[in-house]
Every structure is written in C-alpha cells, then in structure tokens.
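1. pasting the sequence and the predicted coordinates here, then a few questions.
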Amino acid sequence: MKVLVVGGGGREHALVWKLRQSPKVKEIFCAPGNVGIAQMATCVNIQAEDVPGLLTFAQQEQIDLTVVGPEIPLTNGIVDIFQQQGLKIFGPSRAAAEIEGSKALAKDIMAKYNIPSARYATFDTAKEARAYVKQYGAPCVIKADGLAAGKGVIVAMDEETALAAVDFIMAERAFGQAGDRVVIEEFLEGEEVSVLAFVDGQTIVPLVSSQDHKRVGDQDTGPNTGGMGAYAPAPVYTPELAEAVERDILYPTVKALAAEGRPYRGVLYAGLMVTPTGPKVLEFNARFGDPETQPVLSLLETDLVDIIEAILQGRLAEQSVQWKDGAAVCVVMAAAGYPGSYEKGQEITGFEKVPEGVVVFHAGTTSREGQVVTAGGRVLGVTTTGKDIQEAIKRVYQGVESIHFAGAHYRKDIGQKAVNR
C-alpha cells in the first residue's frame, strides 16, 4: 500500500520508521517531512496545516492510508474531510480531537462524567483570572485553553508568578488566540506518567507506559518545553495502577466522548499525575505524543499497519498487540535558547559515529548545500532500547555524545526516575 504521513517532526520520523517495517507498505510519503525522514520516505512540500493541499495530493497519488502526526490538522478536521472523499485516514474526527483543542472542554467533560482530574475554573478575561488567583493563591497551574505546542502550561508556585502567567497568556498574547481563555487548576503533587491507548470507538488497548520530561533542565528545572526526552516503560505505572487508569479514566473518557456525540478513533494520549489519592488527568492529547512515540514505538512488536486497520474497521478487540521486553529511552538534543528564541542553520555532525542500534530521529532539521543543519528548537531525538533501563540509558547517551552542533543542549537525567525506583 501507499502511505502518507502528515507532519515533519521526531514523532513523524518514528511513525515512518515503524510503518516502513510493515510488509504491507510499498511506498511512504511524508508532508512536509524533514531531512532524516527523506532517507526513508519521499518528502512532499505540503505543510501539515494545508488540509486542501494534502487532500489533493492523496487523491492524485491514490494514497491507501494517511496517518496524521500533529494536532493542528486533526483539530482542523482533516479526518472528516478525507473520510468524506472516501479516503482511509488514521486519527480522531474534529469533534473528538477537541479534547486536545480546548482544555476547557476537556475539563468540562471530565467534571460531567466524574473522571478524576484537578479542581479548575475557566476565565475569558484577565481581570477575572487575576481576581481568582488573588482569592485562592498558589501554587496553581495556568493553562492557555487552545493549542500552544506544548508550551501553554505554566506551573506557578507563588501568587506573583501566577498573576504574571495570566498576563503573559491573556494580555501579552504569548500564544495568540490559544490564550483567549485560560484554565486555572489546583497544583497536583506526584509523579507524571504518559499513557497512550489505541481506540476504535469502543475498545481500548493501552500502549506501553512512558514518562516525558517537560522541563528544559535536569531535575525538572526551568520552563516547560514540548518535551526533552522520554523513556518506556515507566516503573511508577504498576499493573495495579494500569488497571485503575483503564477502569476510572480511559474507558470512562471514551464512553463520555461517545455520549457527547464525539466518538473517538485513533490514539488517545492521557497525561496523568500519580497522586497520593490515585491517578488524575493533567491533559488529553488527540494523537501520538512527542517524544513519547519514539521510545514507545521502539518497543512495539506488532505491525503498526495491522493495528491501524483493526481500528479503522472497528475490530480492535480481535487484534493482538505485542511488546518487546526491556526498555527504551529517547533524549532530545535542542538548539541553544530553546524553549525561548533560538538560532537556526547550525551544521550537525557525527551521525556516522552513532553506535549501532541507536536511532536518530530528526525533528527540527533541514539540508543546506549537502549538510544537515538545525531548523527547529527540538532538533534530534536520539533513541535506543536495552535489556533494562540502565542499559538503554548508557547506550542512548553514547549516541548523544557522538553528535555535535553549536549550542546543542540536552538533559543528562532522562530515565533517572526509573533507575531510582
């Protein structure tokens, strides 16, 4: 079959890498792709947000299956538009994807259906939000309602930071329209875990658990980013906890979305906080996480195409999903200045020195005069597996240390929480 992957980051590189392993796949296109993806697929110069352009391309090339990576095309209704034209596409509808597109909507659904989450309030004006902060104090979490590329969440440990966060989002318009409304939540104590699940509208099959590292600095310091690395599985996610999450969060959410006229098919991502009183939802995403996809797909044994076809045909309950033993780790190498403003165009060297078995997924790269250069904030996701977490960590950092570009920075403690357990 001919497959089109929509997107151009590390997650999409991992999807292309995994889909290529399927004997069913003859040819892969990626729009827009990147210089790393170009070694595995034909990159097409169409942006992920250009839904009409993607539709025209899929029709002209007679694409058999489209797999959507990023959230913006999903919340813009790419799945509905492709399906109306009789094209097979993997991802949730526009209505279902709104669980990521609007944090306020997600919180309202969780409150209505008793899905455990932090206490919250929603505000349309900075004045009201500031008054609420002054009334309830800190610590609290300030969230832009809309899509902000993983950066629209500010954890405020004191009232001054919380008030500044409200102004940053609503008055300074740091995230544009995404900040027209804010959600203010209680601060939850505990350890985070990411749980992705395959969903066909009724059946859910959780993927192996993972843990993202959102903050830019070691020991979870500094501002939030799109994710500085991840490992899988997460030891904090015990079999007992997994059972509770399926029973109290995943199944109730899928049922709630169906009841709200938003039946969900695709990958549902639950960002959870494991608190002393049990797991609570921090956020839902309507797609594969980035960088969690890189280690998670590294451990997936089953053909991803078989799983996607089972979901599209509503027979996920009949599909076996198998995982490799061991652990996987992804370390993100970022550009100087990220998650703030950063320079582009730095030459990247050392790919040929990366040890065998370590995969370098490209995120923000392009080519210039035959050289690979930086083109984004998160530049590379160096990923590998091992018989256990210690081995995977050792191998992945050998890979990281082989690669060089001016100003490169990365966390040195990815996976350390798992080792400590």
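-> Structure's in. What do you need? Remember, predicted model here, so these are calculated numbers, not experimental data. Numbering: from 1, shown residues only.
2. and Pro73, how far is that from Asp158?
-> Computed as CB to CB, to the nearest Å, the Pro73 to Asp158 distance reads 38 Å. Backbone N, C-alpha and C define where each C-beta goes, glycine included.
3. and these two? Which one has more around it.
-> Pro73 (28 against 12; other CB atoms under 10 Å).
4. surely that one is within a helix?
-> Yes. Looking at Pro73 with DSSP: H, G, I helix; E, B strand; the rest coil, it is inside a helix.
5. where does it land on pLDDT?
-> pLDDT for Pro73: 98.
6. kindly report the same for Gly152.
-> 87.
7. mind checking pLDDT for the closest residue to it other than its chain neighbours?
-> Nearest non-adjacent residue to Gly152, counting by CB to CB, 6 or more residues apart in numbering: Ala144, 3.5 Å away. Here the pLDDT value assigned to Ala144 is 94.
8. my guess is Ala144 contacts Val182. True?
-> Yes. Under the criterion of CB atoms under 8 Å, Ala144 makes contact with Val182 at 6.3 Å.
9. shared neighbours, these two?
-> With contacts taken as CB atoms under 8 Å, 6 or more residues apart in numbering, the residues that reach both Ala144 and Val182 are Ile169.
10. how close does Glu356 get to Val372?
-> 20 Å.
11. list the contacts for the closest residue to Val358 other than its chain neighbours?
-> Closest residue in space to Val358, ignoring its immediate chain neighbours: Gly399 at 3.6 Å, by CB to CB, 6+ apart. Neighbour list for Gly399: 331, 354-355, 358, 360, 382, 384 [criterion: CB under 8 Å, 6+ apart].
12. chain center to the helix or strand containing Glu160, what's the gap?
-> Element membership for Glu160 (DSSP states H and E) is helix 159-166. With CA atoms, centre = their mean, to the nearest Å as the basis, helix 159-166 stands 27 Å off its chain's centre.
13. check stretch 195-206 too.
-> 16 Å.
14. equivalent analysis for stretch 412-421, please.
-> For stretch 412-421, the distance to the chain centre is 20 Å (CA atoms, centre = their mean).
15. start and end of that stretch, how far apart?
-> Counting by CA to CA, to the nearest Å, you get 18 Å between the two ends of stretch 412-421.
16. show me which residues of that stretch are buried.
-> 413-418 (16 or more other CB atoms under 10 Å).
17. thinking again about what came up before, among the contacts of Gly399, which lie within strands?
-> Assignment to strands by DSSP state E places the following of these there: 331, 360, 382, 384.
18. okay, now the domains of this structure?
-> 2-94, 119-186, 191-318, 327-420 (automatic domain parsing).
19. picking that back up, give me the buried subset of the contacts of Gly399.
-> When the contacts of Gly399 are checked for burial by 16+ other CB under 10 Å, the buried set is 331, 354, 358, 360, 382, 384.
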